[in-house]
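# predicted coordinates and the sequence they were generated for:
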Amino acid sequence: MSEKVSNNNPFCQSKGGKRYREKLQKAFFCFATYFVLLCASVIFGKIIYEGTPVLWRMGTDFLTQKPQTLAVVEAIESDSIEIPTENFDNILRSNDDDALPIDNVEEFEKSFPYKRFNLMPGSIIGEGYLKNLEQQNEGFFLIYTERDTESHVGFSIDQEKSLTLKSPDFEKLKSLTPDLIPEKITQRHITLNDFKLTIAQGDYNISKTAHDALLPTSLVFQMREGFADDDPESSQKPAIIPSTQIITVDSNVFFTAFDEDEEGTLALQAQEELPQKTTFYDFKLAAGNYSAPLAALSILAKTGIATQHNLTRGSIIVNLDEPVELELSSSDYENLVANNPKLQLSAIADFAKKADFTRFSLAQDAEIRIDSEDLEALNQANEKSGNFKTNSKNTHSYAGGGILGPIVGTALLVIICMIIALFTGIAAATFLNEYARKGAFTKSIRLAMLNLAGVPSIVFGLFGLGLFVMLAPSLTSTPHTESKLSIPLVPLASTPQLRIIEEKEIHMVKHKVSTSEAIVAAKSESMKYFHDGWTYLSFQGWGTCMLAGGFTLAIMVLPVIITSCEESLRAVPMGFREASLALGATKWQSIRTAVLPYALPGILTASVLGITRVAGETAPIMFTAAAAERSDMPWEAVQATGFSAFIEFLQQSVQALPYHIYTVAGRIPQSEYTEPMQYGSVLVFMLIVMSLATVSIWLRLHFRKKIKW
Amino acid sequence: MKKKRQKSENPFYSGSGFRIFGIGKQEAIKYFFGGNATIAVIVIALIIGFLIKESATFFPQYRDSLDLYRKSGQEFVSFSDEQLTAQKKLPSLVTQARVNEIEERLGAIYRVSSVHSDFKTKVLKNTSSERKAYKRAKSRLESTQANQSSSADEKEEAQDDYEAAREALRITAQKTADSLDYGDLKTRSWATDDKYLTPIRNSIVENLLTGEQTAFLKEIIAEETKLAEEVNQLDFIRNLSKAKDGFSEHLPTFEKFVVGMAEIATQNKAQAINFVTAKKRKDALKAKLEITNNEETKIRTELELKRVLDIEPDYAELNKPFYGSLDKHLELTNRLQKQNREAFTIVPSASEFESKIARKKIKEIKEIENSIDELFTEKRKQIESWNHSKPFTLSEAITGFFFGTKWITNSSWQDIYGLVPLLTGSLAVAIIAVLIAIPFSVGGAIYVNRLSTPTERQIIKPFIEFIEAIPSIVLAFFGVVVLGTVIQEYSQLPWFSWIPGFPVEGRLTILNAGLLLALMSVPTIFTLCEDALNNVPSSYRDASLALGATKLQTVTKVVLPSCASGIIAAVLLGFGRIIGETMVVLLVMGGRIAIPKSFTDPAHSMTGILAQEIGEVDQGSLHWGALFMVGFALFVIALTLNYVSQRVLKKFTKHS
């Protein structure tokens, strides 16, 4: 403080320069504050500015469609292109209306011939045909339990086909279906040599071609280093022949592995030729529908006859309780009936399916943006007429459609997380505030919470990956072979149905063996699961799924929830509890009736705060729950029923909005087509999170003002 | 409340009275709540346990892997390879410097062709249908003219069509070209002299119609070549070119030598790995043999079992070529070094260059000049003392991880895990962010707490909380799409050139991430600082004011010192939060795994590497262990920061 005193302040006065400095300081503080606000506003502003037009153009479709790949197509001028009206509207929306050179738009109704029929129990149907039926009839999913390999199956030949078969195959075919083979057959005899070789002990260099040829033979050779798949065919690696051996190989192997012209072949001590005679049969099959045993069809399939039957496993026996009404397009129906002789159908009826279609013409070289689903519909509808032709096509992944999947996924994750976090959080806060006395126990809990709050979110992700995805226990009758620990509990487990065994790749243990033996057996057959009639507690993890993600997020947000719940409990005056206890209520009763209800607003605030935190996080869900791509909604993929359906529902990975943004902004090639998707998703995400934040801030201010005891 | 069931102990009320193991309902409820509270403890214990469990196997595994690396001679080759890499950098730096210098000296004219081609793509895109129509008309015209039988009418019609199409194309192209400006360029900094704008536009249209290089462009290119040749003839540039020849003269022979050695090492390693995995493969086959009932499988498995080689390779024999190559290596490196010394003397000094980037490159060359001999001698020493049979110790593996400067994964050569580049990246970005955030957050806290009006406070505080809620991925997105380009462009401005590291070369840099993280940490530091300011007893303020100090004097001289530790704690907590941040550093920092030299370089971070790599590795592999080890290090750093700041805070609370 200076000695020169001027008039305003008799005690202290600074020089003009000092006052100036003071003003400058104040200006700096003021600037610092508002600059931060300005920066944030710029970010909000930019995103809103770029994102709003996207949302405006896409409308609600942005929120109600799944993310898709966008195709940018250069179409050739053509008239009367047909497309379902729904897809047509979508295409209009994906493009700027005025830029699209579409003309002669005309709506009409198109009808498709269909068959309706009842599928009778006990029918026998080929696997491919069943899958087709299931695809065209929503809600029809046959969990079959039996297959049939005995009965005849059908196959069709479009045009006359000439076949060549080797002698053992031909004889087998003849014995299976004598009727099938026509009168006219040509025989050919060809002599091929087998070779008996003596290979001396020693060190050799062996080429990859020779190595591959020798693998199926009985020669014992030891590679000093193995071949990789991407090694060139001519590369050579050192090998040892541990002892002198005599082997017999066919001509094919001999000429590849012991070709003297090439380097890297094994030296032969002696070789001897053993002539072998082979007979070939040539014959022709006329166009038409045939019926034959499965074994015969598998021989024929080797010669290139196409079939939708599963040749190794056989046909499927329909195990329905009562007939099911199904429908199928007429052409598929013809195919089905022709190739499945043991199919029993009743109440077959023709009907026509009608759909709204739009017909339009395109100008030359029009550049159109089309979502992949619409493009598929467009191609399908014009397959026959050939009206829709394209010059060039570029695809941009994640650039089309909307963001329904990510929004739903984020919502599900938040719900699961908050159920878990609120339950434990409120309970823990109640304990800490109402029951616990000061002591080592409470101290350690508080210390743990404090530390938990400081753990980086990616470490929670690691933890979730290690614990929930890879190790968490589950109760199952079909444990995974890679399970960390499988504990057999009770020998009562229903055998899984055949279809599930086949699709999940379950190894069925026939004779009771120990768990470890069962695992080895399953692994040696490269099966993923095994079943031996016991129910196991298997530490195999839950996989990348919303349950794992929900738990990880819940743990992350727990300190926030506990702290704020505790705060709101503490705010309830002591008098409430004392009065309640004095009236004779027990501790729990007074907590339940006199404390918790009054802390409810605070708990509500805490939960909104928690949701805000959780919804915005990316790192913890990256490898615990999030999927980059998923074409259906989580509930559409559930096939089980009852309680297991609920479990199956939770054990799915989901798309999540923050992860989706990460994918579109950081993991795929950027182009002008992906940009709208980026800004749109970011804007929606920001609006969701920011409105949650606003609610939580408002709630807190509101209750602080309102509740005063 | 059910009042009827009453018991004796409590005359007023008693619970329903069921007891299991001596625990009544009230106790059961209490223990249930207590159990939930324990979850926090359990979780933190589990996290520590998990990180330790998954990373525990890492060091022994890493040691074994490094052991193979040495035994197979790969280590030997890597020494020469480092020499090679250092040497290779010289000619490339020289070339870059020359190109940059030419670019700078040519100035506006140099960028004309880039602008031309950039504009052309834009025009091409806008005129695609017209161009095709034009092409069709043209081909039709040609075919009618070539065809003898076509009538005069047809020819005329084709001619008319052709001209109409040509005119349509010209008009559209001209319109599009005229609408283009330097502001529309893909890279804004290409903007060149205004006098070129109209000629460029016209040249594009002409080029579209004729399909040939236009006179304007030819002229520009000729001019450019002439100027470039002039620059090339400058004395110092000629010296530079000579130096380049010097640097690269003996490079190919040395490279051939290193590549040859590397091939041998790769083969050696394949044999070593074959041996190491033999036992495991045998065990798997034996287990399969035991359980199988199928005769055929049994025979096959037995055969496969016989085919497994389990004789240890003779490493001394395998490594002979390396020991034998010592003399050749010495000869080659001596030649290189001699040539280098000569070349360094003719590298012109940085002051002769006009281009800033070129000067940077020359400075880099000078730095290499000072260090390259040392590097060569050091590596030579390592090569001479190399011994394949000396086993790696565990402590070497540990120090190799914590002090290693390389992080190389998924390589066909050898995976090397060194924490330093990741740690420095994380620290660099966190320090920059905190340094930027401190003035804003502390200043903001002082302003809001002491100087602002209550209305301002009511707006600012919720707004700051609002900023805290911005998801990090949104900020990261902003950094990738907007901020990177903005920084890159504005750093070219001349009045920023005093800042070291400017102009910024890439979009994704530490600086970019640091700015975003600064914004992210402002709310944390701000809130805690404000709490600290609030906790200063009002008597301090009153006393100061009563003594005649002004408001600001009170704040800076009395209030701030008394809550300094609170502010330090706030900054530390903010620092902790930034170190643990993932998405921004993953997307915005550029992802180059190397120790950053300046804050405008791209870098990688500990959190970023975890997010990027853990999804793609197998559980239990070496890489997996290394990543969990990184996670563990991150965890320890975060907890230490947390602990220290809590201690500081506690001390401060007691003090007041």
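Thanks, I have the structure now. Numbers count the residues shown, from 1 in each chain, chains lettered A, B, ... in the order given.

# any stretches of the chain with poor pLDDT?
Going with chain A. Low-confidence segments of chain A (pLDDT under 70): A:1-18, A:96-100, A:259-266, A:364-366, A:705-709.

# please refer instead to chain B.
Chain B contains residues with pLDDT under 70 at B:1-22, B:183-192, B:652-656.

# how's it carved up into domains?
Following automatic domain parsing, chain B resolves into domains at B:69-85+B:249-392+B:405-417, B:99-238, B:420-655.

# which of those domains sits most buried?
domain B:420-655 (a mean of 20; mean count of other Cβ atoms under 10 Å in any protein chain shown). C-betas here are computed from N, CA, C, even on glycine.

# near chain A, which residues of the stretch 1-150 of chain B?
B:1, B:10, B:12-15, B:25-26, B:29-30, B:32-41, B:43-44, B:46-47, B:50-51, B:53-54, B:128-129, B:132-133 (Cβ under 8 Å from any Cβ of the partner chain).

# ok, residue 109 - contacts?
Using chain A. A:354-357 (Cβ atoms under 8 Å, 6 or more residues apart in numbering or on different chains).

# correction: the question concerned chain B.
Contacts for B:I109 were tallied using Cβ under 8 Å, 6+ apart; they are B:192-193, B:196, B:220, B:223-224, B:227.

# name the nearest residue to the residue nearest the centre of chain A, sequence neighbours excluded.
Central residue of chain A (Cα atoms, centre = their mean): A:R630, 5.5 Å from the mean position. With sequence-adjacent residues excluded and distances taken as Cβ to Cβ, 6 or more residues apart in numbering or on different chains, A:R630 is closest to A:Q655, at 5.2 Å.

# doesn't A:I125 make contact with A:L343?
Yes - between A:L343 and A:I125 a contact is recorded at 5.9 Å, counting by Cβ atoms under 8 Å.

# find residues that contact each of the two.
Residues touching both A:L343 and A:I125 (Cβ under 8 Å, 6+ apart) are A:L336.

# more neighbours: which of these two?
A:I125 (25 against 20; other Cβ atoms under 10 Å in any protein chain shown).

# ok, the closest residue to A:T663 other than its chain neighbours to A:F649 distance?
Nearest residue to A:T663 in three dimensions, chain neighbours excluded: A:A628, at 5.0 Å (Cβ to Cβ, 6+ apart). In this view, A:A628 and A:F649 are 20 Å apart by Cβ to Cβ, to the nearest Å.

# show me the contacts for A:Q678.
Going by Cβ under 8 Å, 6+ apart, A:Q678 touches A:661, A:664-665, B:477, B:481.

# can you pull out the strands in the stretch 351-500 of chain B?
All strands of the stretch 351-500 of chain B, identified by DSSP state E, counting those that start in this stretch, fall at B:407-408, B:416-417.

# again with the stretch 301-450 of chain A
A:315-317, A:324-329, A:345-362, A:366-371, A:390-401.

# rewinding a little: buried ones among the contacts of A:E109?
Buried members of the contacts of A:E109, counted by 16 or more other Cβ atoms under 10 Å in any protein chain shown: A:F357.

# give me the subset of the contacts of A:E109 that also touch chain B.
Among those, no residue lies close to chain B (Cβ under 8 Å from any Cβ).

# which pair of the contacts of A:E109 spans the longest distance?
The span of the contacts of A:E109, defined through Cβ to Cβ, is set by A:K354 and A:F357 at 9.5 Å.

# what sits in contact with each of these two?
A:109-110.

# does A:S123 touch A:S346 like I think?
No - in this structure, A:S123 is not within contact of A:S346 by Cβ under 8 Å, at 10.3 Å.

# which one of the contacts of A:E109 sits closest to chain B?
Set against chain B, the nearest of these by Cβ to the nearest Cβ is A:F357 (27.1 Å).

# for that closest one, which non-adjacent residue is spatially closest?
Using Cβ to Cβ, 6+ apart, the nearest residue to A:F357 is A:K110, at 4.4 Å.

# same deal with B:K379?
Spatial nearest neighbour of B:K379, excluding adjacent residues (Cβ to Cβ, 6+ apart): B:F79 at 4.7 Å.

# now the one you found, what's its secondary structure?
helix (DSSP: H, G, I helix; E, B strand; the rest coil).
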